[in-house]
Structure formats: C-alpha cells, structure tokens
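1. output the structure for:
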Amino acid sequence: MLEEYIQRSQVVVVFLSQGYFRSTNCLREVRAAIELGKPLILVHEADPGKSGGTLQELRAECPEELEPDIFDTDWPMTVWHRVKEYQTVSLTIVAEAPHHLDPIRTC
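-> Predicted coordinates for the structure are as follows:
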C-alpha cells in the first residue's frame, strides 16, 4: 500500500507539475507524508510544454487544506531543468537536501 511506503521513507520528493494535485495517488502520497510528519523535497516543473507552470498556478491546483504544509513551509525546492547540465544541478540539490533538513522536523 502506498501509505506503507511513505511510512518507511525518510523523505518524500514531490514533483510539482500541472495535474499533480488532481491525481488521486499523488494526493494520497502527499497527505500521508504530511500526516506522518515526513519532510518534503519539492521539485518544480517549470516548463509549460512538460506540464509545468508557475508556482502560483500549481498552488492554485492544490487543495486549500494542504497549501500551508506544502507551500508555506520552508521545504527544500529546486526547479527541474531539461538541459542535462542543469538536471545534474537539480538532482544534486535533491540528493543533498535531506542533509540540510532540520532534524527536529524529520522522523
């Protein structure tokens, strides 16, 4: 079950794109992470041609009750780039982010 995988995770990577918050399973994933107190790492898809959008557009799709936990918390965030050299930077940020999370917030 998805929630069990979240329970066993140290952090949860949320790939913010148009439609993420309309997906039943994505909502299950992020709700479980929040309910279980799991830290989030946000990856922002900004390319409109790849279902990306501005943070304002993506926030508008987010259920109101989840907005503060996702967008108003100081989670690590990186923009996902489609150019290989920049993808390496984005992946490095995602890989290093758990080391910079506040240990009080982590499980």
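
2. gap between the two ends of stretch 26-42?
-> End-to-end distance for stretch 26-42, by C-alpha to C-alpha, to the nearest Å: 13 Å.

3. flag every buried residue along that stretch.
-> Under the neighbour-count criterion of 16 or more other C-beta atoms under 10 Å, stretch 26-42 has 26, 29-34, 38-42 buried. Quick note: C-beta positions are derived from backbone N, CA and C, even for glycine.

4. sitting in strands, which of those do you find?
-> Counted as lying in strands by DSSP state E, out of these, are 40-42.

5. report the central residue of this protein.
-> Compute the mean C-alpha point of the chain, and by C-alpha atoms, centre = their mean the closest residue is residue 14, 2.3 Å away.

6. show me what the host helix or strand of residue 59 packs onto, helices and strands only.
-> Counting by DSSP states H and E, the element that carries residue 59 is helix 55-61. If you count contacts as 3 or more C-beta pairs under 8 Å, 6 or more residues apart in numbering; DSSP states H and E, helix 55-61 packs onto helix 67-71.
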